[in-house]
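K.L.:
here are the coordinates; sequence isn't available:
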């Protein structure tokens, strides 16, 4: 994904972590990815920017409600958050948080798709989104984990103009397409492997130069390995899925190596 000064609306442009323990989450991710952290202060609600080589790649913030689970959120770029909210309603989704301004940084809203997966949109102001993406230590991919892909395919097509390309194999995999560009993915949740109480969700993947090494490092920092490093032969890639010490699930994606 290119730097987001030129992102196309409908592209995942930002991720942030809502956490019940800001200090612990900050220690884990700065240790894992070499990020530095800058708290933007009380006027920004304690929002903390995470930077790689001085470039903004993600953020974390205190959970907004007691008992709220620690989790990563995916933001899809929008030229008009209010118009997107209308499309969400008209297409069978739900508006969790109506569009609102975030100081002068931009305008955002929070939605859920017909399957129940929560996602956000970002209409940029001074903050365009991730300044680095698609490389180690930055956002590499976003993937919808859903129990019924057919129930949400039309929804995302209407809301963002996404098309689909589905590959058959040991596991069926769908790429969300914006024109000719693959912008995200979708997989059916395995009913046998994933407990019924786990809701559909968007999974954030960060780039890794060596998925095995970063997975081992994460484990050493207290993370739980949910899916060990695994090859994806079709794309000459390798991935893993982890749960951080505060409970947030994220993935690692190593590109260009089998």
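P.N.:
Happy to help now that I have it. Everything quoted here is computed from the prediction, not taken from an experiment.
K.L.:
what stretches of the stretch 151-258 of the chain score poorly on pLDDT?
P.N.:
Residue ranges of the stretch 151-258 of the chain with pLDDT under 70: 233-235, 257-258.
K.L.:
which stretches of it form helices?
P.N.:
Assigned helices in the stretch 151-258 of the chain, in chain order: 211-220 (criterion: DSSP state H, counting those that start in this stretch).
K.L.:
Please, where are all the strands along it?
P.N.:
Assigned by DSSP state E, counting those that start in this stretch, the stretch 151-258 of the chain shows strands spanning 163-167, 173-178, 181-188, 201-207, 224-232, 237-243, 249-255.
K.L.:
Reformat these as TSV; add mean neighbour count.
P.N.:
(Glycine included, C-beta is placed from N, CA and C.) Formatted as TSV, the strands of the stretch 151-258 of the chain follow (neighbours: other C-beta atoms under 10 Å):
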stretch	mean neighbour count
strand 163-167	12
strand 173-178	19
strand 181-188	18
strand 201-207	22
strand 224-232	14
strand 237-243	21
strand 249-255	22
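K.L.:
so which of those strands gets nearest residue 84?
P.N.:
strand 173-178 (14.3 Å; C-beta to C-beta).
K.L.:
packing partners for the closest one?
P.N.:
Contact here means 3 or more C-beta pairs under 8 Å, 6 or more residues apart in numbering; DSSP states H and E; on that basis strand 173-178 packs against helix 149-160, strand 163-167, strand 181-188.
K.L.:
before we move on, back to that, which one of the strands of the stretch 151-258 of the chain lies closest to residue 148?
P.N.:
strand 181-188 (7.6 Å).
K.L.:
so what strands line up beside the closest one?
P.N.:
Strands adjacent to strand 181-188 in the sheet, as given by DSSP bridges, are strand 139-146 (parallel), strand 173-178 (antiparallel).
K.L.:
Show residues contacting the last one.
P.N.:
Contacts with strand 173-178, where a contact means C-beta atoms under 8 Å, 6 or more residues apart in numbering, come from 8, 10-11, 144, 149, 153, 156, 160-167, 182-187.
K.L.:
now it and strand 163-167, what's the angle there?
P.N.:
With axes from the mean of the first three to the mean of the last three C-alpha atoms, to 10 degrees as the basis, strand 173-178 and strand 163-167 are set at 160 degrees to each other.
K.L.:
try the first one
P.N.:
Interaxial angle of strand 139-146 relative to strand 163-167 (the same axes, to 10 degrees): 80 degrees.
K.L.:
any idea of the mean pLDDT in strand 139-146?
P.N.:
Along strand 139-146, the predicted confidence averages to a pLDDT of 96.
K.L.:
what residues does that strand touch?
P.N.:
Identification of contacts with strand 139-146 by C-beta under 8 Å, 6+ apart yields 1, 12, 14-15, 57-58, 74, 113, 115, 117, 130, 133-134, 152, 156, 176, 184-189, 194, 200-207, 251, 253, 255.
K.L.:
Check stretch 191-202 too.
P.N.:
Residues lying outside stretch 191-202 but in contact with it, judged by C-beta under 8 Å, 6+ apart, are 71-74, 113, 115-119, 142-147, 189, 249.
K.L.:
With distance to residue 124 as extra columns, can I get the strands paired with strand 181-188 in a markdown table?
P.N.:
As requested, the strands paired with strand 181-188 are arranged in a markdown table below (distance: least, C-beta to C-beta, whole Å):
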| stretch | distance to residue 124 |
| --- | --- |
| strand 139-146 | 15 |
| strand 173-178 | 17 |
